[in-house]
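Student: Just the structure for this:
(chains A and B)
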Number of protein chains: 2
Amino acid sequence: MVEPPAVAVIFTSTRTSADEQGYAVMSKRMEDMAAEQDGFISVDSVRDPISLQGITVSYWRDDEAARSWKRVQEHVLAQELGRTTWYVDYTVVVAAVTRTYGNVGLGNEEDS
Amino acid sequence: MVEPPAVAVIFTSTRTSADEQGYAVMSKRMEDMAAEQDGFISVDSVRDPISLQGITVSYWRDDEAARSWKRVQEHVLAQELGRTTWYVDYTVVVAAVTRTYGNVGLGNEEDS
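Tutor: Below you'll find the predicted structure:
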């Protein structure tokens, strides 16, 4: 489980129905590339195939690591295709992790 | 779009296949109740029906508003059913929103 300090990048989007295969390939490629960046911690990604709404949350060591990933050249191209082709709408929320809990690993509801 | 200051509560979970109807009813009820709480801003929720993984991100005015919602009695009962029946695993990450951008509303990629 992610522990503070860390930065969460919450990407919420609605897909168009265009270019399903191209999108799937780029999606996988971006996930693989992100995982290799300095400061990457983890990523969770879910899309509902009916509503086409998706949420991807990536976690980074700090804001600078998150910003660096945004500027990686191939990722910049993917973002451009996202804006022109793949997404009806999207929002990105960047947030500093302050506390975490859950039933995975060590964090069993220690918070309240 | 959410703007800082705000607090994001990122709830990531994997559903069991148990009690689909009970879960759907409670889910809807919790979403409606959350929306009535003082300090609630908005919520986004997506679940993949195949992997059963889901991400729900709720946004709150501040940490106290997020904590208050966690303590509401009917929500406490829902959390207990979540732990015992509905979720294989779950994690909650609480984070302070620092910046936002996107192509919805006013925030057109003003950030970099």
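Student: Secondary structure of residue A:3: a strand, I assume?
Tutor: No: counting by DSSP: H, G, I helix; E, B strand; the rest coil, residue A:3 is not found in a strand; it is coil.
Student: per-residue pLDDT, the closest residue to it other than its chain neighbours?
Tutor: Leaving aside its sequence neighbours, residue A:3 sits nearest to residue A:100 (CB to CB, 6 or more residues apart in numbering or on different chains; 6.1 Å). Every residue, glycine included, has its C-beta placed from N, CA and C. Residue A:100 is assigned a predicted lDDT (pLDDT) of 97.
Student: partner residues bridging residue A:100?
Tutor: Residue A:100 has these beta-bridge partners by DSSP bridges: residue B:93.
Student: what ranges do the helices span in chain A?
Tutor: Taking DSSP state H to define them, one finds helices in chain A at A:20-36, A:63-71, A:73-81.
Student: Minimum distance to chain B: which of these has it?
Tutor: helix A:63-71 (7.1 Å; CB to the nearest CB).
Student: which residues of chain A score low on pLDDT?
Tutor: Residues of chain A that meet the criterion pLDDT under 70 lie in A:105-112.
Student: Mind doing that once more with 50?
Tutor: A:106-108, A:110, A:112 (pLDDT under 50).
Student: pretty sure the residue nearest to residue A:3 is touching residue B:91, no?
Tutor: Yes: under the criterion of CB atoms under 8 Å, residue A:100 makes contact with residue B:91 at 6.6 Å.
Student: phi, psi of residue A:50?
Tutor: Torsion angles at residue A:50 (phi, psi; degrees, to the nearest 10) stand at phi -90, psi -60.
Student: For residue A:99, which non-adjacent residue is closest in space?
Tutor: In space, residue A:99 is closest to residue B:94, 4.8 Å off (CB to CB, 6+ apart).
Student: hang on, the earlier thing: residue A:100 and residue B:91 - which one has more neighbours?
Tutor: Legend: neighbour count by other CB atoms under 10 Å in any protein chain shown for residue A:100 and residue B:91, higher for residue A:100 (23 against 18).
Student: Roughly how far does that one sit from residue A:71?
Tutor: Noted for residue A:100: a distance of 27 Å to residue A:71, by CB to CB, to the nearest Å.
Student: Repeat that for residue A:34.
Tutor: Distance from residue A:34 to residue A:71, counting by CB to CB: 13 Å.
Student: swap in residue A:43?
Tutor: 18 Å.
Student: Looking at those two, which is more packed in?
Tutor: Just comparing residue A:43 and residue A:71: by other CB under 10 Å the higher neighbour count belongs to residue A:43, 16 against 9.
Student: residues touching residue A:61, list them.
Tutor: Applying CB atoms under 8 Å, 6 or more residues apart in numbering or on different chains, we find residue A:61 in contact with A:5-7, A:38-41.
Student: Select from those the one having the most neighbours.
Tutor: Most crowded among those, counting by other CB under 10 Å, is residue A:7 at 24 neighbours.
Student: Just give the nearest non-adjacent residue to it, would you?
Tutor: Spatially, and ignoring its direct neighbours in sequence, residue A:7 is nearest to residue A:60 (4.6 Å; CB to CB, 6+ apart).
Student: Next up, the contacts around the one you found.
Tutor: By CB under 8 Å, 6+ apart, residue A:60 lies in contact with A:6-9, A:39-41, A:66, A:69.
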